[in-house]
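Asks: sequence and predicted structure are below.
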Amino acid sequence: MGLGHLAADFLYPALHGGEAGLRRSTQLELKVTVLEETCSVTTVTVGATVPEHARPVQYFSLFWDDGWWDHLSAETNRYARSQNPPADWTPVTVNDMKVFIGLCFGTGIIKLPCLSNYWRQKKRLFQTELPSVMSRDRFLAIWPFAHVADKY
């Protein structure tokens, strides 16, 4: 259930005209109790602070921050250049990668027999909103180049 909500959180803004994913600033607090020689107690909070009713994407954003998305986009573009991509290749943006990863989560949760079925609109059983978020051709163009590290 949590990953389904996470995928939905990444896709919802793209479906409704916004940017995929959420930018959240996180406040880290340190909670430690220290007994000093004078026997006074000092308390500091430890851990990430998220709202009580936080959405799954807010927790996810604690691990995949803006710097990670920049890195993922840069490495994907670097790898694509090193592989001589097709002439119609368009470098990915951070938003492209957020949508791409959200779609990867979604396709991992909703199992269909073939990847192209997620974009098929003729059969009611397989009808999804994926075509309105990212075209099948764009998703498949990014797929072979998605990279997290420079292996050369």
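Replies: Sure, I can see it.
Asks: show me which residues of the helix or strand hosting residue 101 are buried.
Replies: Using DSSP states H and E, residue 101 sits in helix 94-109. Of the residues in helix 94-109, 94-107 count as buried by neighbour count, 16 or more other Cβ atoms under 10 Å. Every C-beta, even on glycine, is put in place using the N, C-alpha and C of the backbone.
Asks: of those, closest to residue 150?
Replies: For the buried residues of helix 94-109, the residue nearest residue 150 by Cβ to Cβ is residue 97; the value is 16.0 Å.
Asks: buried set for stretch 45-63?
Replies: Using 16+ other Cβ under 10 Å as the test for burial, stretch 45-63 gives 55-58, 60-61.
Asks: list the ones among the residues you listed that fall in helices.
Replies: Those of these mapping onto helices are 56-58, 60-61, per DSSP state H.
Asks: which residues of the protein score low on pLDDT?
Replies: Applying pLDDT under 70 to the chain flags residues 1-42, 44, 121-130, 152.
Asks: going along the chain, name the helices of it.
Replies: Under DSSP H, the chain gives helices at 2-15, 56-63, 66-82, 94-109, 130-133, 136-142.
Asks: and the contacts of the longest one?
Replies: Spelled out, it's helix 66-82. Helix 66-82 is contacted by residues 21, 23, 89, 91-94, 96-98, 101, 142, 145-152 when judged by Cβ atoms under 8 Å, 6 or more residues apart in numbering.
Asks: please save the CA atoms from it in CSV.
Replies: Presented in CSV, the C-alpha positions along helix 66-82 are these (Å, rounded to 0.1, in the frame of the first residue of the first chain):
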residue,chain,number,x,y,z
ASP,A,66,16.9,17.4,-4.7
GLY,A,67,20.6,16.7,-4.9
TRP,A,68,19.9,13.0,-5.6
TRP,A,69,17.5,13.9,-8.4
ASP,A,70,20.1,16.2,-9.9
HIS,A,71,22.7,13.4,-9.7
LEU,A,72,20.3,10.9,-11.3
SER,A,73,19.5,13.2,-14.2
ALA,A,74,23.2,14.1,-14.8
GLU,A,75,24.3,10.4,-14.7
THR,A,76,21.5,9.3,-17.0
ASN,A,77,22.4,12.1,-19.5
ARG,A,78,26.2,11.3,-19.2
TYR,A,79,25.5,7.6,-19.8
ALA,A,80,23.3,8.3,-22.8
ARG,A,81,26.0,10.5,-24.4
SER,A,82,28.6,7.8,-23.9
